[in-house]
Structures are given as C-alpha cells and as structure tokens.
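1. My questions concern the predicted model and sequence given below.
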Number of protein chains: 2
Amino acid sequence: MQLQLDNYLKDYKLLLENEIQKRLSVLSIPEQLKASMFYSLQAGGKRIRPILLIASYEAFDQNIEKTMSSAIALEMIHTYSLIHDDLPAMDDDDYRRGQLTNHKKFDEATAILAGDALLTHSFELIAADPLLSDREKVELVKRLSQASGPLGMVGGQILDMEAEKNTVSLEQLEKIHDLKTGELLKYAVYAGAYLGKATDEQLVHLTNYAYYLGLIFQVQDDILDITGTQEEIGKPVGSDEGNEKSTYPKLLGLDGAIQQKEKYVNKAKSELQLAGVTDSLLGALVDYISTRNH
Amino acid sequence: MQLQLDNYLKDYKLLLENEIQKRLSVLSIPEQLKASMFYSLQAGGKRIRPILLIASYEAFDQNIEKTMSSAIALEMIHTYSLIHDDLPAMDDDDYRRGQLTNHKKFDEATAILAGDALLTHSFELIAADPLLSDREKVELVKRLSQASGPLGMVGGQILDMEAEKNTVSLEQLEKIHDLKTGELLKYAVYAGAYLGKATDEQLVHLTNYAYYLGLIFQVQDDILDITGTQEEIGKPVGSDEGNEKSTYPKLLGLDGAIQQKEKYVNKAKSELQLAGVTDSLLGALVDYISTRNH
C-alpha cells in the first residue's frame, strides 16, 4: 500500500501541476498578474488537498476529469491563503519552502492582488466547467465558499490570530484548526465523494473522516516542531516553543499528543469503515499524514 | 424624472443597507471579523452598483426579491476591493468618506482578512439563494467571478498600478477603466436584466450601455478633480495633477474631456434605445452620473 500510495501521490502531483499550467496559460490577463499567480501556484508542495479530492472521488468512480476544476480551484484557494498569510501584516515570512514568498519576489501590492485573483478565479473554474451539471456547480461553489470564507478558513485565521495572544483549551484549539485547515480538507473529501455520487450517509461519514484527518495533520505538525530536524521540517525546530502559541504538546505533553493523534487515527479509520469505502486510498492517506516527517 | 430618481436612490439605498445588516447579523462567525466586515459595508456611499442591478431588473420585472443576493454580493465585492485598495501597500489611505479606513480602525491583518471574507462570502450568498434556479446561480457566479477577478477588476488594478508610472493613450486608459470599474457595472446591469429574462440581444445592448456608463463615471471623476470643491469631492482638488496618473483632462484638455463625456452619454442612451428599455430609470442614471458633483 505504501509504494502504491507513493506512486499515486507522485503521479497526481504531476497531473495537477500540468493542469494548473494549462489553465493559467490560456488566461488573457496582465502578464505581471499571471506571473505572480503562477509563481506561487507552481511553488506548491505535496498538493495534498486536490489529491484528497481525487482519491475521494475514486472511491466511487474512475472518470477523474470531472474532478479537475474543483481540485484546481481548491489548490488556488489554498495558494491564495498562503500568499496572504505570508504578508508583512500577517506572518511576515520572507521564504516558503525555500523560495521567496510572493511579496518578496514581486511586491506587496502585487501579492495582495494575486491572492485576490486566485480566490476569485477559483469560483470561475467551477462555474465554467462543461463537465459538471448546474446542480453540481452550485453545490461545489456553495461548499467551497463556506469552507474558505468567514464561516470557514478565514474565520479560523482570525481566531488563530487572537489565540496567539492567549492559552486556549484543547476544545478551542480543535475548533481553530477545524476552521483554519480542516474546512478545506472536508471540502476536498466532500466534493470528491459528492461528484462520485456518494449517498448522504456516506457523505456524512467521509466528512467526519476528513475532520479527523485535519486534526491528525495538525497534531503531527506540532509534534514535528519538537521531534523533527530543521532539514525535514524546513524551519527551526522548536519555533512554537518560544511564543504563546497553543500546541498539542504544550497542552498534553509530547506523549499525550502522540496518544491524541492515535485516537484521531482510529476515529478517521472507523469513519471510513462506516462509509464503506475501506478499499480506497483514503485509509493509506491517514497513515501517510500521521507518520510524515515533513 | 429627477425627483423620481432621487427618491428611488434614497429608498433603495435604505433597503440595501437593511438587507446587508440582516444578512451579516445571522452569520455565525468570529465577532472581530464580523465587526470589520460590517464596518466597511455600512460605511458605503450611494450603493450605485446594486441599485443599477435592481434598476436593470425593473426594466423587465417588478419582483425584486430575486435580485437581492446578487445585489448584496456585488456590494460586498465592491467593498472588499476598497478595503484592499486602501491598504498601506496599495493606496495607503487613512480615511475614506470621512471615516477611518478598515486597517486604521482595526489593523492590517484584520483588514486583509475582512476583504477576503467579503469576497468569498459573496459567492455563497448567490449559491445559497432559495429564490434562484441552479441555472441562474451558475450564470451569476460565473459572470461575477469574471467581472471581479483577474479577467476583470483585479486585472484592471494591476494595469492601473503600472499605468501610474507611465503616460498612456486614450485607448489604454479606456481599457484600464473598463476592467477596473466598468466590469462590475457591466455585471450589475447584466445580472439584473438576465434575472429579468431579457433577450440575448437586449443583454448585449445593456452591457454596452453599462460600458459607456463606466467611462462616464470615470471622465466625470477626472473632471471633478479639476472643477469640483474639496468639500464636494472629499479629497484635495487637483490631486491627480501632481502625479503621473493619466486622466481624461490631461490627455484631451478639460474641454476635450467634457466633449468626450457627451459622446459617451449619447452612446449610452442610444444603446438603451437599441435594447428597447427607454422608459426605465437606466436613462436617468446616465444623466445622474454624468452631472454628479461628488
């Protein structure tokens, strides 16, 4: 399963990056704007969100062309959120994944607008997709805007900013992570299964699966900040310790955080069983995300 | 007609502001984010974009509840663009319409996120509207994302930033204004007429009408920068003169600019005649915008 997953991740990353290039290159827009949008889109990492969307679809159907616009839209929204997060007024980061951040490569005004453009264009991709029915487009647009807007990711970012100044409870920490990163992962799994014509009950369990997957993602991030090497995680080890930021190890201790992660792993897998999609790659993705070292 | 228009503008401004408050107050989102979104939404001016949408609809049908989600979505997108435009990295404005700009009232991070939230939520408003068919929602989302994204407003903002460093031709100036402000006005008129079940030919002529309306808007802005009083226009008179910014009076002289405006006024009215909607308020809006003193 591990080798199968590795190949799958590699193949779909390549497929998605080709698709991104194709869809951006046909856009008749100002060159500077296109360059800035493309710079951050091509600097992407593992493409875990769109791959999750496709893997979820493939639990039901193989005709993955149907997922492409919502997968690329999702990656565009993730990318816009990174560009805006990196701005001086937000996290003020000069580098991301070893490359200059968008506002350092271009300038702040261009970075703000490139983020706005990616966010806005993601909805156009879905609304103009000839492979989707109107019903499907409406459902995807609605879910994506809920997951990424004030009810979802943007709401989580505000809460996260506020939480940096205070210590929060485990419950509050889960709420913040669910909004800030979980909502987009839930959208990914929901959108794939919805397009694959999952039943309403399956959609509920798969959304629960994605909820736990998001928490696993975050606990592992926090654990790696303590146990990883700088080379692996691409930032100084222990960078969470020096500030007031709430993390799982701070709230539960390192061992407690590892146990909490195992709890989430079991819950994620049990939701998959309840959804009846145990032979898909979604199970392998749980192990991949819970044991990743970067 | 003038009194009728004045009352119309006043009544619909009030209606829209009530509707904005209603739709925002029911949102279950972090308080700080809601406060920041609401602050800029309620600071709005004449609400000309959503009113144009409703007026366009009313040329065909009277049941205006159907226009509310797309009208509010449009005002949210206009508002987000003002918040991001005012940021230090962009125009760096401390005041707008006599009130502190969003990032001065709150902080830069909150202003960036409030803009992102307004932009994203605008698509949710349309996609979740129970009064619209799926077909209508898809058409409105597609048109709104095209009008406001890299193919429209955001593209125009990038071109405008570049043009500030150079003198541009009249043709280039029209292209910039068409993208930066015209696209949203075209969306307004298109969306209203589309929901009112205008024919394809009517939609073409009404879109042309909105194109000229946008240019009238801009020429008059440029003219007021020379002939207006600071009290009327809310900024120092002649503020365009000191920089390299291309304006109609700079390219054509003041008399030439006034003549150009008359040309656009005639074209806008002739498009209305071709669309066969001469007894609507859209004609009065041309005169209102071309003779406004603020």
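-> Thanks, I have the structure now.
2. Please make it C-alpha for all contacts and neighbour counts, starting now.
-> Noted.
3. Could you measure from the spatially closest residue to A:A111 that is not a sequence neighbour over to B:P150?
-> Nearest non-adjacent residue to A:A111, counting by Cα to Cα, 6 or more residues apart in numbering or on different chains: A:H103, 5.0 Å away. A:H103 is 18 Å from B:P150, where distance means Cα to Cα, to the nearest Å.
4. the more surrounded of the two?
-> B:P150 (29 against 23; other Cα atoms under 10 Å in any protein chain shown).
5. before we move on, back to that, output the contacting helices and strands for the helix or strand harbouring the residue nearest to A:A111.
-> According to DSSP states H and E, A:H103 maps onto helix A:102-105. Using 3 or more Cα pairs under 8 Å, 6 or more residues apart in numbering or on different chains; DSSP states H and E, the elements in contact with helix A:102-105 are helix A:31-42, helix A:68-86, helix A:108-127.
6. for it, what is the average pLDDT?
-> Helix A:102-105 carries an average pLDDT of 98.
7. Tell me the gap between it and the middle of its chain.
-> Centre-to-centre, helix A:102-105 and its host chain are 22 Å apart (Cα atoms, centre = their mean, to the nearest Å).
8. What residues of it count as buried?
-> Using 16 or more other Cα atoms under 10 Å in any protein chain shown as the test for burial, helix A:102-105 gives A:N102, A:H103, A:K104, A:K105.
9. ok, A:D107 - contacts?
-> Going by Cα atoms under 8 Å, 6 or more residues apart in numbering or on different chains, A:D107 touches no other residue.
10. Phi and psi next, for it.
-> phi -150, psi 170 (degrees, to the nearest 10).
11. now do A:L281
-> phi -80, psi 0.
12. Check whether it really touches A:A55, as I assumed.
-> Yes. Assessed by Cα atoms under 8 Å, A:L281 is found in contact with A:A55 at 6.3 Å.
13. Mind checking which of the two has more residues around it?
-> Set A:L281 next to A:A55 and count neighbours by other Cα under 10 Å: A:A55 wins out with 25 against 19.
14. okay, that one: pLDDT?
-> A:A55 is assigned 97 on the pLDDT scale.
15. List the contacts of it.
-> Residues in contact with A:A55 (Cα under 8 Å, 6+ apart) are A:G192, A:S280, A:L281, A:L282.
16. Between helix A:68-86 and the helix or strand that contains it, find me the angle.
-> Element membership of A:A55, judged by DSSP H and E, is helix A:48-58. Relative orientation of helix A:48-58 versus helix A:68-86 (axes from the mean of the first three to the mean of the last three Cα atoms, to 10 degrees): 160 degrees.
17. separation between the residue nearest in space to the middle of chain A and A:R292?
-> Relative to the mean C-alpha position of chain A, the nearest C-alpha, by Cα atoms, centre = their mean, is the one of A:R49, at 4.5 Å. Distance of A:R49 to A:R292, computed by Cα to Cα: 15 Å.
18. A:I83 too?
-> Taking Cα to Cα, one finds A:I83 at 24 Å from A:R292.
19. Specify which residue of these two has the higher count of neighbours.
-> Neighbour comparison, A:I83 and A:R292: the larger count goes to A:I83, with 27 against 12 (by other Cα under 10 Å).
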